[in-house]
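# Show me how the following folds:
(2 chains)
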Number of protein chains: 2
Amino acid sequence: MSLREILTSMLEQVDGAHAVMLMGYDCMAVDEVRRGEPAFDVQAMAVEYATVIREIRRTIEVVGAGAMEEMTITTTNASMVLRILNDDFFAVFVLSRTANQGKARFLLSARALDLIQSVE
Amino acid sequence: MSLREILTSMLEQVDGAHAVMLMGYDCMAVDEVRRGEPAFDVQAMAVEYATVIREIRRTIEVVGAGAMEEMTITTTNASMVLRILNDDFFAVFVLSRTANQGKARFLLSARALDLIQSVE
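Numbering: from 1, shown residues only, chains lettered A, B, ... in the order given. Predicted coordinates for the structure are as follows:
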């Protein structure tokens, strides 16, 4: 399965999902698939978060709280679930407020290995 | 109910919770209650996150994704649920990996107004 196929399959399994993307910490989206029209710039947000994730990962290591696995951010309009894949990549689900966040979290975890292998 | 009483009540309702704290964006804990011994410096982590939250809130506003409400970070050892209360304060639940994260999220939301009123 190609990266695009994996991302598309993930997106289609979550009602109310706006986008799924595979991102590098260099703030570049490796690939992404979208559906519908979120009322904001999804990629700009993901790019900004890449910087924040670097900071959070560093903090977690400094205080000895293990390794970062996942971050969820909920706003009045949307939510984002980010999953760390390895030292190079993370994956992001952008969701409407009504979408099933648990399903998105499950898929990011369940497909993590497939996502990594698709870019190796 | 005093702030300390509210925080204590919240902590006692979540099995596996290490701490509940009310924080200012100036990185000062207004008050906190703890239980057991997390294997890392809870307050150092919360203080670092105050900076990160400021950055994330700014990003969310810039891209037009509404107002930030909540952030959850999961590591291999622990998880933290942070809820924005207003422009001055946020509240944090620090949990073990086995704790009920949904209950912590519910309590942060349900007690948000009580927490704000206790420091006004």
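# Is there proximity between the longest helix along chain A and chain B?
Among the elements of chain A assigned as helix by DSSP state H, the one spanning the most residues is helix A:42-63. Yes - judged by CB under 8 Å from any CB of the partner chain, helix A:42-63 and chain B are in contact via A:44-45, A:48-49, A:51-52, A:55-56, A:59-60, A:62-63. (Glycine included, C-beta is placed from N, CA and C.)
# how about that helix: buried residues?
For helix A:42-63, a neighbour-count test (16 or more other CB atoms under 10 Å in any protein chain shown) marks A:42-43, A:45-50, A:52-53, A:56-57, A:59-60, A:63 as buried.
# which element is the most centrally placed residue in chain A on?
Centroid-nearest residue in chain A: A:Val92, 1.0 Å away (criterion: CA atoms, centre = their mean). Using DSSP states H and E, A:Val92 maps to strand A:89-96.
# now the lowest-mean-pLDDT helix or strand in chain A and strand A:89-96, what's the angle there?
Least confident helix or strand of chain A, by mean pLDDT, DSSP states H and E, is helix A:42-63 with a mean of 81. Computed by axes from the mean of the first three to the mean of the last three CA atoms, to 10 degrees, the angle separating helix A:42-63 from strand A:89-96 equals 120 degrees.
# Tell me which other helices or strands helix A:42-63 touches.
For helix A:42-63, the packing partners by 3 or more CB pairs under 8 Å, 6 or more residues apart in numbering or on different chains; DSSP states H and E come out as strand A:17-24, strand A:29-34, strand A:68-75, strand A:78-84, strand A:89-96, helix B:42-63, strand B:68-75.
# I'd like these as CSV, with distance to A:Glu5 appended.
Formatted as CSV, the helices and strands packed on helix A:42-63 follow (distance: least, CB to CB, whole Å):
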stretch, distance to A:Glu5
strand A:17-24, 12
strand A:29-34, 10
strand A:68-75, 23
strand A:78-84, 19
strand A:89-96, 14
helix B:42-63, 28
strand B:68-75, 27
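# low pLDDT regions in chain A?
For chain A, applying pLDDT under 70 flags the ranges A:38-39.
# Residue numbers of it in contact with chain B?
Residues of chain A lying close to chain B by CB under 8 Å from any CB are A:38-41, A:44-45, A:48-49, A:51-52, A:55-56, A:59-60, A:62-78.
# I'd say the residue nearest to the centre of chain A and A:Tyr49 touch.
Yes - A:Val92 is within contact range of A:Tyr49, at 7.4 Å (criterion: CB atoms under 8 Å).
# separation between the closest residue to A:Glu32 other than its chain neighbours and chain B?
Leaving aside its sequence neighbours, A:Glu32 sits nearest to A:Met21 (CB to CB, 6 or more residues apart in numbering or on different chains; 3.5 Å). The gap separating A:Met21 from chain B is 14 Å, by CB to the nearest CB, to the nearest Å.
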